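I need the structure of the sequence given here:
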Amino acid sequence: MRLQANIIPKHNFMHLKFINTVIIIAIATATATGQIAPKTASADSAPLTYAAHRVYDTRHKRFTDFESLLADATTADVLFLGEQHDDPITHALETAALAGLTRRRGNIVLAMEMFERDAQSSLDGYLGGRISESDFLAASRPWPRYRSDYRPMVEIAKSYHWPVIASNVPRRFASLVARRGLAGINDSVPSAERALVARAFNCPHDDYFDRFASMMGDMSGHGAPVKTQSEQEKKATLERVYFAQCVKDETMGESIAIAYAAAPPRALVVHVNGSFHSDFRMGTAERAERQLPGKRIVVVSFVPIADLDSADGTAQKKLGDYVVFTLAPPKSASSP
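Model (predicted):
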């Protein structure tokens, strides 16, 4: 299922009003084409579509509305948007969140898991108008469905002249750790590229490790044929893959802290990532909090479900400060 877009002139962002628990997708501004400002608008249009969702405030143990979530998030120093990568309504609401925040704050920094640190120069070049979008995309290895899922957010940032931070570790270094462990960073990463990875790593076998191990299941097929791996080898493989996850979290957490320190006073850093990296305030969220003591961090987790009327916020209350339940698309209409 693809959410179609409507053309919303830039100045309308300052006057948009949200409807309690249902947001008009017009503010998502072109999930297919990414139109944000009049400069990028076209003649394409489609009927307005609703982004069906419900918002649960875990601290007050009650359902609330998206506008109240944004009003609270405006007072934060860091806002995590923990997404489901394959859910179109999640992506529409992330874009809506950025649009809503512009009505409340001017100092916003957008940071994204979807770009790796070595793509920062091309990202800056595009935002600054020095290179074309096609050249930017050719150099930055965008994620699948970039045009529908992530371009709208980048275009909002470009329109408002916000910095966009490529927060993630280059995947080749994460793959290196998955094969060789943390020692691979010191042994094989050239000194000229060492700044592309976090300075330090903390990878304890804690609750986050347990969650990761449960998610990954049997790792026997990763890195060696199933028949040749003993139980000890399977555990070693799992640990190396977990270390690669930690390298991602440490790098993104450090990127957030650096971006916050470099921003003007009272900046809000909005970090977009897969929800596993911030659920339960673990992973990237824990690393960022460790490096930003005393700063207010708000975690939002998006959870697609088949029936919004049966949403149970109490069952998900530990995921973050807010849980946004979205209406999951029918499986037959899901994006590949």
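
isn't L110 up against E155?
No. At 10.8 Å, L110 and E155 do not qualify as touching, with contact defined as C-beta atoms under 8 Å. C-betas here are computed from N, CA, C, even on glycine.

show me what whatever helix or strand A51 lives in pairs with in its sheet, parallel or antiparallel.
Following DSSP states H and E, one finds A51 within strand 50-57. If you go by DSSP bridges, strand 50-57 pairs up with strand 22-24 (antiparallel), strand 62-64 (antiparallel), strand 322-327 (antiparallel).

average pLDDT across the longest one?
Per-residue pLDDT over strand 322-327 has a mean of 97.

can you tell me what sits against it?
51-58, 64, 66, 69, 84, 87, 89-90, 93, 298-306, 308, 311, 313, 316-317 (C-beta atoms under 8 Å, 6 or more residues apart in numbering).

mind running it again at 7 Å?
Residues outside strand 322-327 that contact it (C-beta atoms under 7 Å, 6 or more residues apart in numbering) are 52-58, 69, 87, 89-90, 93, 300-305, 308, 311, 313, 316.

and the strand holding A51, what's buried?
For strand 50-57, burial by neighbour count (16 or more other C-beta atoms under 10 Å) applies to A51, H53, R54, V55, Y56, D57.

quick one: average confidence on it?
Per-residue scores along strand 50-57 average to 94.

circling back: tell me the one of the buried residues of strand 50-57 nearest D124?
Nearest to D124 among the buried residues of strand 50-57, counting by C-beta to C-beta, is A51 at 30.8 Å.

what about the closest one, distance to K61?
In this view, A51 and K61 are 24 Å apart by C-beta to C-beta, to the nearest Å.

pull the number of nearby residues for A192.
Using other C-beta atoms under 10 Å, A192 is surrounded by 7 other residues.

and the strand holding A51, how far from the chain's centre?
18 Å (C-alpha atoms, centre = their mean, to the nearest Å).

just the CA trace of that strand, in PDB.
The C-alpha atoms that make up strand 50-57 are tabulated as PDB, following Å, rounded to 0.1, in the frame of the first residue of the first chain:
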ATOM      1  CA  TYR A  50      -6.300   9.500   6.700                       C
ATOM      2  CA  ALA A  51      -3.300   8.100   8.700                       C
ATOM      3  CA  ALA A  52      -5.200   6.000  11.100                       C
ATOM      4  CA  HIS A  53      -3.500   5.800  14.500                       C
ATOM      5  CA  ARG A  54      -3.900   6.100  18.300                       C
ATOM      6  CA  VAL A  55      -1.400   7.600  20.700                       C
ATOM      7  CA  TYR A  56      -0.800   6.200  24.200                       C
ATOM      8  CA  ASP A  57       0.900   8.400  26.800                       C
END
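
name the nearest of the buried residues of strand 50-57 relative to G125.
Nearest to G125 among these, with distances taken as C-beta to C-beta, is A51, at 32.2 Å.

pretty sure the closest one is touching T95, no?
No. Using C-beta atoms under 7 Å, A51 is not in contact with T95; the gap is 9.7 Å.
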